[in-house]
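Asks: Need a 3D model of the following:
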Amino acid sequence: MLCFAVFSGAAAPLSRRLGEERVLGGALVMLAAGLLLRGADPALLLFPGTVVAGAAIALMNVLLPSLVKRRRPERAGLLIGLYLLSLSAGAIVGSLIAVPVFQASGGGAGSVRLTLGLWAVPALVGAAVWLPQLRYRTLPARRPAGAPAGPLPPSALWRHPLTWQVTAFMGLQSLSYYATLSWFPTLFRDRGASAVHAGTLLALMNLGNAVTALLVPVLAHRLADQRLLAAISMIGTGAGLAGAAFGPLPTAAAFIFLLGLGQGASLGLGIFYTMARAPDPVTAASLSAFAQSVGYLLASAGPLLLGFLHTATGGWAIPVWVLMGVVVLQLVTGWLAGRDQTVPAPLPAL
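Replies: Numbering: from 1, shown residues only. Below is the predicted model:
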């Protein structure tokens, strides 16, 4: 998440200089290189390789919604939904096969290198599939005649409340997701669930994410105003969070799936907002970069905060109630960001 926060801001300038297709192709090669570094010498290169891979993912996270807005705006909801579904599917596949590959290859030092490095293979496949796109080198569209040249400058984005509403919603949904992803397996273990049961519950949460991450952007694209979707998403997230944490353990599966549905919906909305609240692809890239840079910096505090509160209080009640407060903030920011408006292009000089 820290890599996402640090490197997201570089995506928009690079795309204006080189074109989105070339930056995305280069990011796929970077991703493969970072993953190969991790596997080559985990003791020495695990963290440097992670930084390289994280930087590549940050570039792709920012530029894919902008690319969709520019090249297929009429199918934006479906394409963003498929993109987010692919993320969820990749996470599920990775969690399912990593340990079996490690065990099947002997479980030694060589197995560690294999299990870390094998993820470069899909990155290289992705780079090969992307090669035909490099011929486009399509630079972002120009602004209308009479408007100042170039994209909306960051200082102008920062001055607009809508930018902060989109950014806050993006950051809070990521904080909530990564905090639950990090700590809910431990919470379930503390409540008496076995390790296998806790892992199954986490898989159910990710399954819920996949369902709504696909559907909600499609629905959002059909609506000029997404406030109702934001409200429904946050009600589901809050109910799932409370039921999974405080309800009887036998009902945890249903509630954790509901939590996943709510979180997937909020992720879909967060990505969709960065595109829909911008008037053009150039501004969409800048808004996406800003929202993800600041948002992931905020989100990185989530797992640390929950761990600190759990250690300080000796239980899970206070940490979960803090997450419930985050849900309320998500509802407010999601409602504001869901209004049918865009960041002005351009903003008047102050």
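Asks: Helices along the stretch 251-350 of the chain, start to end?
Replies: Under the criterion DSSP state H, counting those that start in this stretch, the stretch 251-350 of the chain contains helices at 252-276, 281-299, 301-313, 317-337.
Asks: Other residues contacting the last one?
Replies: By that I understand helix 317-337. For helix 317-337, the external contacting residues (Cβ atoms under 8 Å, 6 or more residues apart in numbering) are 161-162, 165-166, 168-169, 172-173, 175-176, 179-180, 183, 187, 227, 230-231, 233-234, 237-238, 241-242, 245-246, 266, 269, 273, 277, 305-306, 309-310, 313. Just so you know, the C-beta spots here come from the backbone N, C-alpha and C atoms, and that holds for glycine as well.
Asks: and that helix, average pLDDT?
Replies: The pLDDT scores in helix 317-337 average 96.
Asks: Can you list the residue ranges for strands in the stretch 151-300 of the chain?
Replies: For the stretch 151-300 of the chain, strands defined by DSSP state E, counting those that start in this stretch do not occur.
Asks: Apart from its neighbours in sequence, what residue is nearest residue 188?
Replies: residue 198 (4.2 Å; Cβ to Cβ, 6 or more residues apart in numbering).
Asks: With respect to the helices of the stretch 251-350 of the chain, which exhibits the lowest mean confidence?
Replies: helix 281-299 (a mean of 85).
Asks: how about a markdown table for the helices of the stretch 251-350 of the chain, with distance to residue 124 and mean neighbour count added?
Replies: Shown next, in a markdown table, are the helices of the stretch 251-350 of the chain (distance: least, Cβ to Cβ, whole Å; neighbours: other Cβ atoms under 10 Å):
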| stretch | distance to residue 124 | mean neighbour count |
| --- | --- | --- |
| helix 252-276 | 25 | 26 |
| helix 281-299 | 25 | 26 |
| helix 301-313 | 30 | 16 |
| helix 317-337 | 37 | 19 |
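Asks: so can I have JSON lines of those showing distance to residue 95?
Replies: What follows is those, written out as JSON lines (distance: least, Cβ to Cβ, whole Å):
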{"stretch": "helix 252-276", "distance to residue 95": "14"}
{"stretch": "helix 281-299", "distance to residue 95": "20"}
{"stretch": "helix 301-313", "distance to residue 95": "17"}
{"stretch": "helix 317-337", "distance to residue 95": "22"}
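Asks: and the residue nearest to residue 188, how far is that from residue 183?
Replies: As for residue 198, its distance to residue 183 is 11 Å (criterion: Cβ to Cβ, to the nearest Å).
Asks: Residue 136: what's it in contact with?
Replies: Taking Cβ under 8 Å, 6+ apart, one finds 19, 21 in contact with residue 136.
Asks: Any figure for the gap between it and residue 25?
Replies: Here residue 136 is placed at a distance of 10 Å from residue 25 (Cβ to Cβ).
Asks: same deal with residue 53?
Replies: With the distance defined as Cβ to Cβ, residue 53 ends up 16 Å from residue 25.
Asks: per-residue confidence at the residue nearest to residue 188?
Replies: Residue 198 is assigned a pLDDT of 84 by the prediction.
Asks: Now do the contacts for it.
Replies: Applying Cβ under 8 Å, 6+ apart, one finds that residue 198 lies in contact with 184, 185, 186, 188, 189.
Asks: just residue 100 next, same as before
Replies: Residue 100 touches nothing, counting by Cβ under 8 Å, 6+ apart.
Asks: Ok, residue 178 next?
Replies: By Cβ under 8 Å, 6+ apart, residue 178 lies in contact with 1, 299, 300, 302, 303.
Asks: now swap in residue 33 and tell me
Replies: Counting by Cβ under 8 Å, 6+ apart, residue 33 touches 52, 120.
Asks: That one: which element?
Replies: Taking DSSP states H and E as the criterion, residue 33 maps to helix 20-40.
Asks: Just give me the neighbour total for residue 93.
Replies: Number of residues near residue 93 (other Cβ atoms under 10 Å) recorded here: 11.
Asks: By mean pLDDT, flag the weakest helix or strand of this structure.
Replies: helix 154-158 (a mean of 65; mean pLDDT, DSSP states H and E).
Asks: Test my guess that residue 234 contacts residue 259.
Replies: No: look at residue 234 against residue 259 with Cβ atoms under 8 Å: they stay out of range, at 11.4 Å.
Asks: gap between the closest residue to residue 23 other than its chain neighbours and residue 247?
Replies: Leaving aside its sequence neighbours, residue 23 sits nearest to residue 14 (Cβ to Cβ, 6+ apart; 4.8 Å). Distance, residue 14 to residue 247, by Cβ to Cβ: 47 Å.
Asks: and the residue nearest to residue 133 when sequence neighbours are not counted, what pLDDT?
Replies: Distances taken as Cβ to Cβ, 6+ apart put residue 21 closest to residue 133, at 4.5 Å, once the chain neighbours are dropped. Looking at residue 21, its pLDDT stands at 91.
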